[in-house]
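Peer 1: with the input below, show me the fold.
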Amino acid sequence: MNRAVIIAIFILCISPRSGSSAEPDATRGRELFGRACAACHSLAPDKNMTGPSLAGLWGRKAGSLKSFPRYSEALKSAGAIWDDAILDSWLKDPKAVIPGNRMVFSGVEDDPARADLLAFLKGATRPDGVQTGMTGTMGMGGDVPSLKAVPPGSQVKGITYCGDTYSVATADGQTTQFWERNLRFKTDSGGDGPPAGIPAMVGAGMVGDRASVIFASPEEFGRFITSTCR
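Peer 2: Residues are numbered from 1 along each chain as shown. This is a model prediction of the structure:
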């Protein structure tokens with residue numbers, strides 16, 4: 001065996017291998033969280049969205065966060081305690097880990113990407129929320145705009161319905177019309193929701209043809225929406 005071949009073999013033996021042996025990267029994990037998780041999960045304690053807050057996740061029993069009321073029976077009865085191993089399996093295929101749960105996330109097949117996400121979450125969900133020197137919410141998850149003091153153009157004064165059209169009158173004196181399928185009615189009773197009696201209109205859609213009207217409670221629907229063709 002000549003000297004060149006010996007040197008080549010030596011280099012291959014001492015070179016770090018790619019793939020699963022690479023150290024998890026929490027920075028990459030943060031980016032993945034922003035793309036795949038932040039729309040449904042907050043990192044702030046008890047700030048629930050479509051899914052429950054992830055704050056304090058490690059060591060918590062599945063389906064047990066008292067401030068979140070929408071767990072499936074499958075998750076509440078699973079008895080699982082969130083740790084590295086279970087979370088890794090869950091993030092790969094939630095339906096396989098706890099069949100019958102309502103998680104719509106299909107999972108992360110790529111092992112290194114999943115390790116990156118776990119590395120980020122393990123720091124970001126700690127009680128102190130510290131991860132690579134930044135705070136727990138990281139501007140993601142729970143980053144819902146406050147509706148406590150919206151401008152007059154977003155303060156709803158009344159809504160009329162005629163035919164297939166909603167007409168929304170706002171505090172700036174303007175009235176905006178929407179095709180009935182393009183206007184949604186929602187509630188937000190939390191800390192970021194609108195004050196009672198002052199629903200907020202929030203734009204949606206890329207061309208400005210859609211919106212949501214958000215009320216402080218469902219009781220307000222009947223007070224603000226009337227069916228009339230004047």
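Peer 1: rest of the way, CA atoms for contacts and neighbours
Peer 2: Will do.
Peer 1: so what's Pro45 up against?
Peer 2: 53-56 (CA atoms under 8 Å, 6 or more residues apart in numbering).
Peer 1: again, but for Val168
Peer 2: 156-160, 175-177.
Peer 1: tell me the one among those nearest to Pro69.
Peer 2: Val156 (29.0 Å; CA to CA).
Peer 1: now do the SS call for that closest one.
Peer 2: Put simply, Val156 is strand when judged by DSSP: H, G, I helix; E, B strand; the rest coil.
Peer 1: may I have the beta-bridge partners of it?
Peer 2: Assessed by DSSP bridges, Val156 has beta-bridge partners Thr170.
Peer 1: from the contact counts, what lies against the longest helix belonging to the chain?
Peer 2: Counting by DSSP state H, the longest helix found in the chain is helix 111-124. Helix 111-124 is packed against helix 26-36, helix 84-92, with contacts defined by 3 or more CA pairs under 8 Å, 6 or more residues apart in numbering; DSSP states H and E.
Peer 1: any idea how the protein splits into domains?
Peer 2: 20-124, 152-227 (automatic domain parsing).
Peer 1: now those domains as JSON lines including distance to Pro145 and mean pLDDT?
Peer 2: Putting these into JSON lines (distance: least, CA to CA, whole Å; pLDDT from 0 to 100) gives the following:
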{"stretch": "domain 20-124", "distance to Pro145": "13", "mean pLDDT": "93"}
{"stretch": "domain 152-227", "distance to Pro145": "7", "mean pLDDT": "93"}
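Peer 1: format these as CSV; extra columns: distance to Ser146.
Peer 2: Shown next, in CSV, are these (distance: least, CA to CA, whole Å):
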stretch, distance to Ser146
domain 20-124, 13
domain 152-227, 4
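Peer 1: what about the strands in the protein?
Peer 2: Assigned by DSSP state E, the strands in the chain fall at 156-162, 165-170, 175-179, 183-187, 200-204, 210-215, 225-227.
Peer 1: how about those strands, which one is nearest Ser67?
Peer 2: Among the strands of the chain, the nearest to Ser67 by CA to CA is strand 183-187 (17.1 Å).
Peer 1: before we move on, back to that, what residues of the longest helix of the chain count as buried?
Peer 2: Within helix 111-124, the residues that count as buried by 16 or more other CA atoms under 10 Å are 112-124.
Peer 1: with stretch 70-83 instead?
Peer 2: The neighbour-count check on stretch 70-83 (16+ other CA under 10 Å) flags 71, 75, 80-82 as buried.
Peer 1: show me those that map onto helices.
Peer 2: Counting by DSSP H, these contribute Leu75 to helices.
Peer 1: ok, which of the helices and strands packed on helix 111-124 comes nearest Asp188?
Peer 2: Here helix 26-36 is closest among those (CA to CA), at 22.8 Å.
Peer 1: spatially central, which residue of the chain would that be?
Peer 2: Among the residues of the chain, Cys40 comes closest to the average C-alpha position under CA atoms, centre = their mean, at 2.0 Å.
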